[in-house]
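Colleague: how does the following fold in three dimensions:
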Amino acid sequence: MKIMITGCNGQLGSELVSVISSGKSQIGEIPREIVGAEVLAIDIDDLDITDFKKTEEFVLNNKPDVVINCAAMTNVDGCEGMRETAFKVNALGVRNLSIASKNTGAKFVQISTDYVFEGKGNKPYTEWDIINPVSVYGASKALGEKYALSFNPKTFIVRTSWLYGFNGKNFVKTVIRVIEQKGSITVVSDQIGNPTNANDLAHHILKLAVTDEYGIYHCTGQGECSWYDFALKIAEYSGYKDAVIPCTTTEYNNKNNVPTKRPAYSSLDNMALRCTVGDEMRKWEEALKEYIDKVGESVRH
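Modeller: Numbering: from 1, shown residues only. Model (predicted):
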């Protein structure tokens with residue numbers, strides 16, 4: 001089996017490469033079909049997925065069995081100021097990969113986000129709930145979903161949220177760094193979602209990729225919390241006390257000139273996972289604790 005992973009230097013892409021290489025995740029062993037798979041790990045320097053001809057040629061020449069697209073413009077505020085770039089990467093790039101994978105008979109896995117939802121509810125969103133993004137980032141990812149499902153029938157849409165991994169920047173590392181530098185950090189307490197360990201997510205993506213259970217999936221850590229609750233646990237597990245200060249979204253946005261509207265409640269229900277390959281995602285606190293214990297001092301840099 002040959003697996004092509006775009007965005008291989010990002011949090012999820014690098015985790016997928018690592019899990020495939022080791023043959024197991026923190027949850028357990030990955031599918032036997034994946035063990036020993038040839039991995040074609042690429043990033044922007046190897047292929048610009050927004051160029052249709054180059055993308056089509058690349059996929060055709062390499063003939064992967066599975067294409068996992070982890071490439072995306074994920075800077076939510078940056079997307080507001082660079083609308084066309086966001087749609088070019090998060091929608092047209094997905095279209096290009098979807099068409100190219102369809103033409104070579106490959107399965108296609110598109111990583112999406114909780115930000116496709118408006119966030120005005122009070123119970124976890126299921127896969128059948130109607131999407132209604134309130135930001136350019138969310139809208140561009142929603143169009144990417146539509147393109148993926150339209151052009152390749154062998155598509156998995158995997159929505160996740162509040163992701164953190166070993167490679168690159170993330171909320172966990174930011175919280176620890178700011179506390180160390182300033183003694184405390186102020187975090188919004190009125191946005192609710194699901195922290196997700198990239199290692200757990202990679203495990204489930206690979207479980208799905210060896211099946212024909214195509215469709216839309218939610219894959220997040222078990223349980224929900226606010227960003228403030230998340231930061232409290234990060235501080236606790238890192239040995240800091242009384243270092244996290246709560247605030248409202250309005251207070252934070254006004255103070256920091258944040259241009260982007262974010263969903264107030266974007267918790268996801270992993271219903272489709274439970275009904276198909278099984279939901280082994282760990283409780284978010286458990287996965288976070290192991291992450292911080294495993295990374296140790298390096299998470300601070």
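
Colleague: what does residue 113 show for phi and psi?
Modeller: Dihedral angles of residue 113 (phi, psi; degrees, to the nearest 10) stand at phi -150, psi 160.

Colleague: in the chain, where is pLDDT below threshold?
Modeller: 296-301 (pLDDT under 70).

Colleague: the same query, at a cut-off of 90, please.
Modeller: 36, 121, 168-169, 256-260, 294-301 (pLDDT under 90).

Colleague: any idea which helix is longest in it?
Modeller: helix 136-151 (DSSP state H).

Colleague: just checking, what packs against that one?
Modeller: helix 76-81, helix 83-87, helix 93-104, strand 107-113, strand 155-160 (3 or more C-beta pairs under 8 Å, 6 or more residues apart in numbering; DSSP states H and E). For glycine as for every other residue, the C-beta is placed from the backbone atoms N, C-alpha and C.

Colleague: nearest to residue 140, of these?
Modeller: helix 83-87 (4.4 Å; C-beta to C-beta).

Colleague: still on that earlier bit, tabulate the helices and strands packed on helix 136-151 (a markdown table), appending mean neighbour count and distance to residue 207.
Modeller: Putting the helices and strands packed on helix 136-151 into a markdown table (neighbours: other C-beta atoms under 10 Å; distance: least, C-beta to C-beta, whole Å) gives the following:
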| stretch | mean neighbour count | distance to residue 207 |
| --- | --- | --- |
| helix 76-81 | 17 | 28 |
| helix 83-87 | 17 | 30 |
| helix 93-104 | 24 | 19 |
| strand 107-113 | 26 | 11 |
| strand 155-160 | 24 | 10 |
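
Colleague: now the ones you listed as TSV including distance to residue 247?
Modeller: Shown next, in TSV, are the helices and strands packed on helix 136-151 (distance: least, C-beta to C-beta, whole Å):
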stretch	distance to residue 247
helix 76-81	17
helix 83-87	27
helix 93-104	35
strand 107-113	24
strand 155-160	26
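
Colleague: extract the C-alpha trace of the longest helix of the chain and format it as CSV.
Modeller: The C-alpha trace of helix 136-151 is given here as CSV (Å, rounded to 0.1, in the frame of the first residue of the first chain):
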residue,chain,number,x,y,z
VAL,A,136,-13.8,32.7,6.1
TYR,A,137,-11.8,29.8,7.5
GLY,A,138,-14.9,27.8,8.2
ALA,A,139,-16.5,28.7,4.9
SER,A,140,-13.4,27.7,2.9
LYS,A,141,-13.2,24.4,4.7
ALA,A,142,-16.9,23.8,4.1
LEU,A,143,-16.4,24.3,0.4
GLY,A,144,-13.5,22.0,0.5
GLU,A,145,-15.7,19.3,2.0
LYS,A,146,-18.3,19.8,-0.8
TYR,A,147,-15.6,19.6,-3.5
ALA,A,148,-14.1,16.4,-2.0
LEU,A,149,-17.5,14.6,-1.8
SER,A,150,-18.4,15.8,-5.3
PHE,A,151,-15.4,14.7,-7.2
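
Colleague: buried ones in it?
Modeller: Buried residues in helix 136-151, counted by 16 or more other C-beta atoms under 10 Å: 136-145, 147-149, 151.

Colleague: same question for stretch 285-295.
Modeller: 285, 287, 288, 289, 290, 291, 292, 295.

Colleague: for it, which outside residues touch it?
Modeller: 26, 164, 166, 172, 195-197, 199-200, 221, 223, 230, 233-234, 237-238, 281, 299 (C-beta atoms under 8 Å, 6 or more residues apart in numbering).

Colleague: over to stretch 157-164?
Modeller: 11-12, 109-114, 116, 127, 145, 148-149, 170-173, 193-198, 201, 204-205, 208, 215-221, 230, 266-268, 288, 291.

Colleague: just how off-centre is that stretch within its chain?
Modeller: 3 Å (C-alpha atoms, centre = their mean, to the nearest Å).
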